[in-house]
Structure formats: structure tokens, C-alpha cells
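J.: Have a look at this prediction, sequence included:
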Amino acid sequence: MNDEQKKQQLRRYKTLATGLFILMAVTFLLMTVLQKTNSSHWIGYIRAFSEAAMVGALADWFAVTALFNYPLGLKIPHTNLIENSKERIGDNLGNFVVDNFLSPENIRPYIQKLKISVYIGDWLSKEKNQTVLISELSSVIRDIINKLDDDAVARFISAKAQEMADSIKLNAVIGNGIEYLLNKNDHQKIITSLSAQIKQYILHNQKMISERVGKESFFFIPKSVDNKIAEKITQGLSDYFLEVEENPDHPLRNEITDRILEFSDELKSEPKWETEFESIKSDFLRDDKLKQYSSDIWQSLKASLLKELSDEESRLKSYARKNINEFVDNLRNDEKFQNRIDHWVRFTAYKYILKNTKNFGELISTTVGNWEGKELSRKLELEVGKDLQFIRINGTIVGGLVGLLIYTVANFI
């Protein structure tokens, strides 16, 4: 029922209770007048009943009215109780709710029944709900990104990059990187590739070798001899690098590996290399350059994120859907996972409620205390006024019966 319907109902029962009082008052007056001209015994009984009923009705009307208003507008002490005691009512109501509804023994059975994992799984299994969730999260993240101060973010990235760069020794990083490649034997591919390229270069440039041999040769040596020598040199070098290319255990490979390893150790241990790389790092990471790099990185990252968050078919959203479906599958099929989630929810809810029971009581107390006194009286009267009118009706009837009983007993004594 809405407030208007409750008002109409209250008016009907007030009219009924008041009408019964008026009926008793009229009956009392009639019997009083009639008794002066008629000596019938039944008149006295009716008069006694109506008199007592009238008194009972008035007494209960006063009691009910005193709860919500001043009877007849008279400021009689201990009347209009709701309005004058709203702070105490708020405090008592808050304490009542906390003590009787939010105590550990009362809330524990309800908390233990929580099965939030089932609800989450069912809700997330529906495609439309997944779309709503991803859309709302995307909207929130987009809003956060758009509200970020670009300069502040760029400064943050710059500062963190500077901190990281200061803590990194490039000579050690590069030395360790070279050593890592050597340990994995990945450098052998480079040696093989270089050997093949050197071999091809030698074979394709035999003429240049012949010219070089002729230039360095003595004038009395025939050109045919120089060409033969050049041909032998070319063939010997190409065969040598073919051996290096084809033989994984060639001595040159081991020698190159040893030289690279020595260079790696030198990079990590020699102060000159540390100084050299610090100089390179300082030049590369000057404040102006670092700020520009950071700004460019943030703008690129921001544009990519906004595009991914706006496009319904983006890889980011597809990845999110894939993970949601995996999460739902785990919720439905992994009982241990379900129990972990439900246990966490129950523990958190139980802990939060117990931690804030005092706040709940204060909320009720403050809310009731902040209501206007008349408004509080009106709300309560609309809720319980109908039942209180039955007190008036019962008071009228019971009062009449008690009066009749007393009159009867008095006549027989």
C-alpha cells in the first residue's frame, strides 16, 4: 500500500472508533433522560454500559493520540511522545537492530548459506552479461585514461625510466647477454652465416684478388703466374671458409668463441667499458630526450588503449571474453575453486558486517534523529495507526462490559 491508501485506511478506522464513542455518548444521554421518566431496570444496565464504554473510549483515545500528537492541541506533559522522543527512539531502534539482527550468532547462519560462485557463474555465462561487463569496464578505464594529465604521466614514466637506467650497468647487461648467447651456442649460426658470405664474397671477387696480386708482384714475374697464384689464393680461402661453414667443430669456431667470451668478461670487469657505456647512456638519456621519449611512449600507448577499448572487436576485448569464459568454466567445474571464492566472500562479508555493526546502529539512529518530528510521527502513525484504532474500539467495548459488570454486582449486593 502507498501512503495515500494508508491515509484512507487510517481515516476509516478513526471514523469507526470515533463513531462508536459517539454512539455510546448518545446512548448514555438517552438512557439518562429516559431513566427520569421510566423506572425499568434494563435502562440502568444500558446506561451503565454506555457510561463505562464512553469513559474507556476517551481514555484510550487520549493514550493513542498522546503517542503522535498533543490531545486537543493541549501541551499536556508526556504527550506527543514520538516527536518529543525521536532521538531516544532512534538510539533504541539502532541498538535493537544491532543487538538482535547483527549479532555474530544471528548473521553466521545466513553468511554460511552464501553461494556467490554459482550466481557469478550463471550470470557471466550469458553473452549479453559479458558484453555489459566488458562495456562498463571499458567505459570506466577510458574515462580514467582521458582524465589523466598527459604531462604528469610522461613525467612519471621519465622518472621511473631514469631510476631504472641509473640502477642498470649497461656493460654488465651486454656482457651477460653475450655470455647467455654463447652458453646457448646461438652464436654458431652467426659464424656459419658469416663464413658462407665470406666464401661467396671471395669467389665473386676473384678478379679483384688477381689485380691485387699483380700489383704486389715483381715486374719480371709473368702475368700468367700471377693469375695462377691469385686463383690458388681464391680457391684456398673459399675452401677454408667452406670448411668453417660445414664443420661445427672447426678450430676457428672455437677460437672465435674464446675471443668473444674474453670480450664478454672484459665488458663486465674493465672500468673503461663501464665508463664508456655510462657516457653513452648519459648522452642517450639526457633530460630533454628522456622527456620526449616518455611523452611519445605515453601518447602511443594512450592512443592504442583507447582504440582497443572503443573497438567492440578489438584483441583486448576478445582476450577479456576468452578469460571470462575460462573463469566461468572453472567456476562450474572446479569445486575447489568454487569453495575458495565462496569462503572468501563469506569471510569478507562476515568480517565487514561485524566490523561495522556500530556504524549500522549509528546510521539508523542518525537517520531517525534527522527526521522532522512531525514527519516521524506521521510515518509511524500511517504504519501502526490502524491497529491502534482497534485499541480504542476494544477499550470502548471492554470498558462498557466492565462498567456493566460493576453495575450488576452493585445491584445484587
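T.: Thanks, I have the structure now.
J.: Just want the most central residue of this structure.
T.: Among the residues of the chain, L137 comes closest to the average C-alpha position under CA atoms, centre = their mean, at 10.4 Å.
J.: in what helix or strand does that one lie?
T.: Using DSSP states H and E, L137 sits in helix 127-147.
J.: What mean pLDDT does that helix get?
T.: Helix 127-147 carries an average pLDDT of 89.
J.: same thing with stretch 41-60?
T.: Mean pLDDT, stretch 41-60: 88.
J.: Can you identify the element that follows the helix or strand hosting K14 toward the C-terminus?
T.: Using DSSP H and E, K14 maps to helix 3-37. With elements assigned by DSSP H and E, the helix or strand that comes after helix 3-37 is helix 41-68.
J.: And that next one, what's buried?
T.: Residues of helix 41-68 classed as buried: 43, 45-58, 60-61, 64-68 (neighbour count, 16 or more other CB atoms under 10 Å). Where C-beta positions appear, they are placed from N, C-alpha and C, glycine not excepted.
J.: what residues are up against the residue nearest to L34 when sequence neighbours are not counted?
T.: Nearest residue to L34 in three dimensions, chain neighbours excluded: I43, at 5.6 Å (CB to CB, 6 or more residues apart in numbering). Applying CB atoms under 8 Å, 6 or more residues apart in numbering to I43 gives the contacts M31, L34, Q35.
J.: Can you tell me which helix or strand of this protein has the lowest average pLDDT?
T.: Ranked by mean pLDDT, DSSP states H and E, the helix or strand of the chain with the weakest confidence is helix 81-84, at a mean of 65.
J.: quick one: T234 and R332, what's the gap?
T.: Applying CB to CB, to the nearest Å, one obtains 73 Å for the distance of T234 from R332.
J.: Compare these two (neighbour count), which wins?
T.: T234 (19 against 15; other CB atoms under 10 Å).
J.: Find me the pLDDT at that one, would you?
T.: Looking at T234, the pLDDT reads 80.
J.: Please tell me how far it sits from L203.
T.: Counting by CB to CB, the gap from T234 to L203 is 7 Å.
J.: Show me what the one helix or strand E262 maps to is in contact with.
T.: Here E262, judged by DSSP H and E, is contained in helix 251-269. Under the contact criterion CB under 8 Å, 6+ apart, helix 251-269 has outside partners 171-172, 174-176, 178-179, 182, 187-188, 191, 244, 247, 273.
J.: Show the buried residues in these.
T.: Under a neighbour-count criterion of 16+ other CB under 10 Å, the subset of the contacts of helix 251-269 counted as buried comprises N171, G175, I178, E179, L182, H187, I191, V244, W273.
J.: just how off-centre is stretch 324-339 within its chain?
T.: The chain centroid and the centroid of stretch 324-339 are separated by 20 Å, computed with CA atoms, centre = their mean, to the nearest Å.
J.: So for it, mean pLDDT?
T.: For stretch 324-339, mean pLDDT rounds to 85.
J.: Which positions within it qualify as buried?
T.: For stretch 324-339, burial by neighbour count (16+ other CB under 10 Å) applies to I324, V328, L331, Q338.
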